[in-house]
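Colleague: Generate coordinates for the sequence data below:
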Amino acid sequence: MSSVCVCHLNEWCFYCEMYSPLEDAHEQLIDDNDALRQEIERLKEDKRRLLTLNDENYQRSCNYAGEIERLKADNAALLECVKWYANEDVHSIDSSAEPIRLEYPVYEPTYYESDCGQRARECLAKIGGTEHA
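Modeller: Numbers count the residues shown, from 1 in each chain. Here you go, the predicted structure:
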């Protein structure tokens, strides 16, 4: 309660006793309201920051999705190439083809060898691209 009656000098009347607690409560509510406004501003700033992060993450996700699709297409093309090379019929068609050059480290001699797709078939067997090894 306020210590001084506002309508009577230092005398407490019925109205002063009734309104004084209301004035104190009103002041408390004003203080609480200011604190809540500050909290709202802080939350709005957090929301702006999170929306910015969300936009950045969405852009990254779109970039990753595009990269994944490109890698899937590259993988499919490479797998198709390896399957073609692993096909035994391909090697029986042209036996006069240039042999595959396999290069080994400098301390071992470099030599030529035609594997007729055997390494490609082994690779396909490892990655599950074909049934036979």
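Colleague: going forward, measure contacts and count neighbours with C-alpha atoms only.
Modeller: Will do.
Colleague: What segments of this structure are strands?
Modeller: 101-102, 111-112 (DSSP state E).
Colleague: Of these, which shows the lowest average pLDDT?
Modeller: Among these, strand 111-112 has the lowest mean pLDDT, at a mean of 42.
Colleague: Count the neighbours of Asn57 for me.
Modeller: 12 (other Cα atoms under 10 Å).
Colleague: Please name the residues that touch it.
Modeller: Going by Cα atoms under 8 Å, 6 or more residues apart in numbering, Asn57 touches no other residue.
Colleague: By mean pLDDT, flag the weakest helix or strand of this protein.
Modeller: strand 111-112 (a mean of 42; mean pLDDT, DSSP states H and E).
Colleague: do you know how far Asp31 is from Asp24?
Modeller: Using Cα to Cα, to the nearest Å, Asp31 is found at 11 Å from Asp24.
Colleague: pLDDT weak spots in the protein?
Modeller: 1-15, 88-117, 128-133 (pLDDT under 70).
Colleague: And the helices in it?
Modeller: Ranges of helices within the chain are 14-86, 88-93, 118-127, based on DSSP state H.
Colleague: so of the ones you listed, which one's packed in deepest?
Modeller: helix 118-127 (a mean of 16; mean count of other Cα atoms under 10 Å).
Colleague: That helix vs helix 14-86, what angle?
Modeller: If you take axes from the mean of the first three to the mean of the last three Cα atoms, to 10 degrees, helix 118-127 sits at 150 degrees to helix 14-86.
Colleague: Helix 118-127 packs against which elements?
Modeller: Helices and strands touching helix 118-127, by 3 or more Cα pairs under 8 Å, 6 or more residues apart in numbering; DSSP states H and E, are helix 14-86.
Colleague: got the CA positions of stretch 32-41 in PDB?
Modeller: Provided in PDB are the C-alpha atoms of stretch 32-41 (Å, rounded to 0.1, in the frame of the first residue of the first chain):
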ATOM      1  CA  ASP A  32       5.500  -7.000 -15.800                       C
ATOM      2  CA  ASN A  33       4.300  -5.700 -19.100                       C
ATOM      3  CA  ASP A  34       7.600  -4.000 -19.800                       C
ATOM      4  CA  ALA A  35       9.400  -7.300 -19.000                       C
ATOM      5  CA  LEU A  36       7.100  -9.200 -21.300                       C
ATOM      6  CA  ARG A  37       7.600  -6.700 -24.100                       C
ATOM      7  CA  GLN A  38      11.400  -7.200 -23.800                       C
ATOM      8  CA  GLU A  39      10.900 -11.000 -23.900                       C
ATOM      9  CA  ILE A  40       8.700 -10.600 -27.000                       C
ATOM     10  CA  GLU A  41      11.400  -8.600 -28.700                       C
END
